[in-house]
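> please work out how this folds:
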Amino acid sequence: MKNKDNSSQSNSAVERALTILELIAAKRNPVSLAEISQELGIAKSTSHRIMEALKNKGFIEQVEDTEKYQVGLKAIEVGVSSLTKWNLVDIVTPYLRQLALDLNETAFLAVYDKGEVVYLYKAEANQSVRTTADLGTRKPIHSTGLGKAIVSTFHLEEVDHVLTEKGMPKFTEKTIIDPKQYIEELSKVRKNGYSMDDEEAEVGLTCIAVPIFNYTGRAIAAISVAGPTERMIKNKETIIESLKKVNGYVSNRLGFVPSMRQNM
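Numbering: from 1, shown residues only. Purely as a prediction, here's the structure:
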């Protein structure tokens, strides 16, 4: 009987956690602990305990400088099968599919989270490329074109903090492991409007990426095309032009106006 009671309590806690997560996900704006407790009829102490567990696991996150909560990226990683319901992915998907079709290379979408990039979508072409970048995978900012594209729009102090915290592990002979050299690389990205991973993450694989901006003028994601180095270098200019066109279409749909652009 005791085991049955424990099981019931455990199920109740899980149900409450999922209910809280669903409520936060359903809201257009971040919500507070008080709002959640009142709407669900759950004591603040109970809600707080459950929400701390969800936050520690990355399923929800506290909005900076506020006491309100929103859905975290871990929930998106776990729910890869339903990613098309997420607005950004829904908008980008048809463009990436067309990009992969036009260039006959693999196209990716990724976002930034806690010093890393998280891969959210991949559009494959006939010439599919073997890569460790599966959906939901996290990669460092210093060795990926996607990472460079996004953080090139950040303040240098923020980039330096990430490099110090995460380190700069070497994956290939071409991986940039010197912070000063990396900062210089970001300067080139800001000037040129695109970034490159020149076999810095995987030998034989080159990636070209551009950032995606939203209505705030900040880069919230990046898209890229990746393939064997020889093909990528041969078609570099065409790939860059195509990526920039998609960047324009998607950023515009997210409410971005070029005059808003912060650092890039």
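
> which element is the most centrally placed residue in the chain on?
Residue closest to the average C-alpha location in the chain (C-alpha atoms, centre = their mean): Val111, at 1.5 Å. Using DSSP states H and E, Val111 maps to strand 106-113.

> surely Ile212 meets Ala222?
Yes. At 6.1 Å, Ile212 and Ala222 qualify as touching, with contact defined as C-beta atoms under 8 Å. C-beta coordinates here come from the backbone N, C-alpha and C atoms, glycine included.

> who's more crowded, the two?
Taking other C-beta atoms under 10 Å, Ile212 and Ala222 do not tie; Ala222 has more neighbours (29 against 25).

> tell me the contacts of the residue nearest to the centre of the chain?
Contacts here follow C-beta atoms under 8 Å, 6 or more residues apart in numbering; on that basis Val111 touches 73, 88, 117-118, 120, 150, 220-222.

> any idea which of these the model trusts least?
Among the contacts of Val111, Leu73 carries the weakest pLDDT, at 80.

> quick one: low-confidence ranges for the stretch 1-150 of the chain?
Where the stretch 1-150 of the chain drops to pLDDT under 70, the residues are 1-11, 76, 78-86, 127-135.

> residue boundaries of the helices in it?
With helices called from DSSP state H, counting those that start in this stretch, the stretch 1-150 of the chain shows them at 2-26, 33-40, 44-56, 73-78, 87-103, 145-151.

> next, the angle from the fifth one to strand 106-113.
Using axes from the mean of the first three to the mean of the last three C-alpha atoms, to 10 degrees, the direction of helix 87-103 lies 150 degrees away from that of strand 106-113.

> so what touches helix 87-103?
Outside helix 87-103, the residues within contact range by C-beta under 8 Å, 6+ apart are 83-84, 106-109, 111, 120-121, 123-125, 212, 220-221, 223, 225, 235, 238-239, 242-243, 246, 249-250, 253-254.

> most tightly surrounded among the helices of the stretch 1-150 of the chain?
Mean neighbour count (mean count of other C-beta atoms under 10 Å) peaks for helix 145-151 among the helices of the stretch 1-150 of the chain, with a mean of 28.

> after that helix, heading C-terminal, what element do we hit next?
Immediately after helix 145-151, counting by DSSP H and E, sits helix 156-166.

> pull that next one out as CSV, backbone CA atoms only.
C-alpha atoms of helix 156-166 as CSV (Å, rounded to 0.1, in the frame of the first residue of the first chain):
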residue,chain,number,x,y,z
LEU,A,156,33.0,41.5,-27.3
GLU,A,157,32.7,41.3,-23.5
GLU,A,158,29.9,38.7,-23.9
VAL,A,159,32.0,36.7,-26.4
ASP,A,160,35.0,36.8,-24.1
HIS,A,161,33.0,35.5,-21.2
VAL,A,162,31.7,32.5,-23.2
LEU,A,163,35.2,31.6,-24.5
THR,A,164,36.6,31.8,-20.9
GLU,A,165,33.7,29.7,-19.5
LYS,A,166,33.5,27.1,-22.3
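
> just the residues contacting the following helix or strand past it, thanks.
Sequence order places helix 179-192 as the next helix or strand after helix 156-166, per DSSP H and E. Among residues not part of helix 179-192, those counted as contacts by C-beta under 8 Å, 6+ apart are 142, 148-149, 151-153, 156, 159-160, 163, 168, 176, 195, 263-264.
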